[in-house]
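1. Sequence and predicted model, in that order:
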Amino acid sequence: SDLVVIRDGRIQFVGSDEKAKDFIGDKTEVIDCKGRWVMPGFIEGHGHIHGLGSSLVDLDLMSVHSWEEIVAKVAEAAKKAAPGEWIIGRGWHQEKWDHVPQPNYLGYPYHGDLDKVAPDNPVWLTHASGHSSFVNAKALALAGVSAATPAPPGGSIVKDRSGKLMGVLEETAQSLVGKAYAEWYDQLPDSVHRERWQKRFQLAEQECLANGITSFQDAGSSWQQVEWMKQLADDHALRIRHWVMVREGNASLRRNEGQFARLSDADGFLTVKAVKVSLDGALGSYGAWLLQPYSDRKGWTGLNTFNIDSLRSIAEFCWDNGLQLCVHAIGDRANRETIDLFAEQIDVRGAEIALHPVEQQRVRQVVEPVGGLDVGGELLAALQADAAAQDRLCAALSGQAHRGERQRECCGGPTIRAHCIAPCELIPAPDV
């Protein structure tokens, strides 16, 4: 085709130049692409727009090849930081390092190396998956974490066999340091909070556009972030379209029910009509909730990071209000619990809840068919290639549960019956 006609942000016509005169008026903008190829923008199907922005400002650890390289980056940042200022980074993944640091426990080094290069600055380095963090002694002290500190439900404070702290906090245990960071951050003026957020957000949008992404599905924003995004939408300042899942607690969702907007007033650039809940963690950080123990961590079956009864209550809230519920479920146990919950509601509501995705489904073992459920439909899966590759080095394609991240989005259709048998394969289960 030679001609593409766009009106009010929508493609109206695709065809030949012969039709051009039917669309071109006095106020029509004509862009001559000089024979170059034109295509629609990419849609990011599952991402974290605020985290992307932070990664462009904070320490970027995505491409590091060793623990020593991480320590060197922290040392350089400490030289520029004021005493007491937090050093934040994200992206490390121990399975991508070219050698295992010594000494280590479960492949994790000890925090002492960070203490040496940043003794006066709390350091908080988040895993690539976002489901664990490495912190130094300063951060642990500010958080009041010691070897005697009990782990919160759904979390783990990693200690070696002698009980010594590694500096690794898994899943909900990250909140212990998060509270300490929040105390420091909250001392900053509100205007600085907004300024810091907007800078990162705009950098994230620019990064998306530079890579051809024009629409972004954000997997978890707070009410404050949604409010700031709404303000940009009202000012027509959003540069890409955003489809947002709200990540808030049960009470907060109900208290702010009226804030859900089907579509913004800014030409559809902001849609807020979904809720995100994480039922477990990630395989790469031993957090995925499994039916059987990990092969490389004896007796450990991962972590259930969200109360099942609370998930059921949020699910009912979403279905009662026409919102999409997006459940992060990676391990086979987490998937089974989620599918069982959907099945309960399908029996009551039928196809009304047919499109509620199980985000990031990365099961290794067989998900058993849902017994007695026979209302038609099928399980749909879409592989998220970047996340599927993220932990490929620690995943086995067969055998019992190993660490690794196989990321899919599965929409729970009316009949959720499938055997998930390989990282990129999902086939129907036999009829029962």
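-> Happy to help now that I have it. Numbers count the residues shown, from 1 in each chain.

2. Tell me where the model's unsure across the stretch 101-250 of the chain.
-> Along the stretch 101-250 of the chain, no part satisfies pLDDT under 70.

3. Can you report how many residues neighbour the closest residue to residue 278 other than its chain neighbours?
-> What sits nearest to residue 278 in space, not counting adjacent residues and going by Cβ to Cβ, 6 or more residues apart in numbering, is residue 328, at 3.9 Å. All C-beta spots, glycine's among them, are computed from the backbone N, C-alpha and C. Applying other Cβ atoms under 10 Å, we find 27 residues neighbouring residue 328.

4. quick one: pLDDT of residue 328?
-> The score at residue 328 is 91. That number is its pLDDT.

5. Is it correct that it is in contact with residue 287?
-> No. In this structure, residue 328 is not within contact of residue 287 by Cβ atoms under 8 Å, at 10.5 Å.

6. which neighbours do those two share?
-> Common contact partners of residue 328 and residue 287 (Cβ atoms under 8 Å, 6 or more residues apart in numbering): residue 280.

7. show me the contacts for residue 170.
-> Contacts of residue 170 (Cβ under 8 Å, 6+ apart): 131, 132, 155, 156, 157, 158, 281, 285, 286, 287, 303.

8. no wait, residue 2
-> Applying Cβ under 8 Å, 6+ apart, we find residue 2 in contact with 15, 16, 17.

9. let's see 6 Å
-> With contact set as Cβ atoms under 6 Å, 6 or more residues apart in numbering, residue 2 has these partners: 16, 17.

10. Tell me the spacing between it and residue 31.
-> Shown here: residue 2 relative to residue 31, a distance of 13 Å by Cβ to Cβ, to the nearest Å.

11. packing partners for the stretch of helix or strand residue 233 belongs to?
-> Element membership of residue 233 [criterion: DSSP states H and E] is helix 223-234. Counting contacts by 3 or more Cβ pairs under 6 Å, 6 or more residues apart in numbering; DSSP states H and E, helix 223-234 packs against strand 270-278.

12. Packing partners of the strand it packs on?
-> helix 223-234, strand 241-246, helix 308-320, strand 324-328.

13. Can you say which of these is packed in most?
-> Most buried of the helices and strands packed on strand 270-278, by mean neighbour count (mean count of other Cβ atoms under 10 Å): strand 324-328, with a mean of 25.

14. packing partners for that strand?
-> strand 270-278, strand 357-359.

15. what's the angle between it and strand 270-278?
-> Calculated by axes from the mean of the first three to the mean of the last three Cα atoms, to 10 degrees, strand 324-328 forms an angle of 40 degrees with strand 270-278.

16. still on that earlier bit, which one of the contacts of residue 170 is nearest residue 238?
-> Here the nearest of the contacts of residue 170 to residue 238, counting by Cβ to Cβ, is residue 131; it sits at 29.0 Å.

17. correct me, but that closest one touches residue 289?
-> No. Taking contacts as Cβ atoms under 6 Å, residue 131 lies outside contact range of residue 289: 11.6 Å.

18. Can you show me the helices along the stretch 251-400 of the chain?
-> Applying DSSP state H, counting those that start in this stretch to the stretch 251-400 of the chain gives helices spanning 308-320, 332-349, 385-390.

19. Can you check which of these gets nearest to residue 35?
-> Across the helices of the stretch 251-400 of the chain, closest to residue 35 is helix 385-390 (Cβ to Cβ), at 30.9 Å.

20. ok now the longest helix along the chain, how far from the chain's centre?
-> Counting residues, the longest helix found in the chain (DSSP state H) is helix 190-210. Counting by Cα atoms, centre = their mean, to the nearest Å, helix 190-210 is centred 18 Å from the centre of its parent chain.

21. Stretch 309-328 now?
-> 18 Å.

22. mind starting the numbering at 44 from now?
-> Understood, numbering begins at 44; the last thing we discussed is stretch 352-371.

23. okay, how far is it across that stretch, tip to tip?
-> End-to-end span of stretch 352-371 (Cα to Cα, to the nearest Å): 16 Å.

24. again, but for stretch 85-94
-> The first-to-last residue distance of stretch 85-94 comes to 19 Å (Cα to Cα).

25. so for it, what's the average pLDDT?
-> Average pLDDT, stretch 85-94: 94.

26. And that stretch, what's buried?
-> 87, 88, 89, 90, 91, 92, 93, 94 (16 or more other Cβ atoms under 10 Å).

27. List the ones among those residues that fall in strands.
-> 87, 88, 89, 90 (DSSP state E).

28. Check the spacing between the second one and residue 313 real quick.
-> By that I understand residue 88. For residue 88, the distance to residue 313 - Cβ to Cβ - is 17 Å.

29. ditto for the third one
-> From residue 89 over to residue 313 the distance is 18 Å, taken as Cβ to Cβ.

30. Now do residue 365: how many residues are near it, please.
-> 10.

31. Identify the residue nearest it in space, chain neighbours excluded?
-> That would be residue 316: by Cβ to Cβ, 6+ apart, it lies 7.7 Å from residue 365.

32. What's the local residue count around the one you found?
-> Residues near residue 316, counting by other Cβ under 10 Å: 17.

33. again with residue 383
-> Residues near residue 383, counting by other Cβ under 10 Å: 15.

34. got it, and the one 5 residues further on?
-> Other residues within reach of residue 388 by the criterion other Cβ under 10 Å amount to 18.

35. What of the one 3 residues further on?
-> Other residues within reach of residue 391 by the criterion other Cβ under 10 Å amount to 10.

36. ok, which stretches of the stretch 94-243 of the chain are strands?
-> 102-103, 130-135, 166-170, 175-178, 198-202, 208-214 (DSSP state E, counting those that start in this stretch).

37. In JSON lines, list those strands along with distance to residue 359.
-> Below are those laid out as JSON lines (distance: least, Cβ to Cβ, whole Å):
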{"stretch": "strand 102-103", "distance to residue 359": "41"}
{"stretch": "strand 130-135", "distance to residue 359": "34"}
{"stretch": "strand 166-170", "distance to residue 359": "32"}
{"stretch": "strand 175-178", "distance to residue 359": "31"}
{"stretch": "strand 198-202", "distance to residue 359": "26"}
{"stretch": "strand 208-214", "distance to residue 359": "25"}
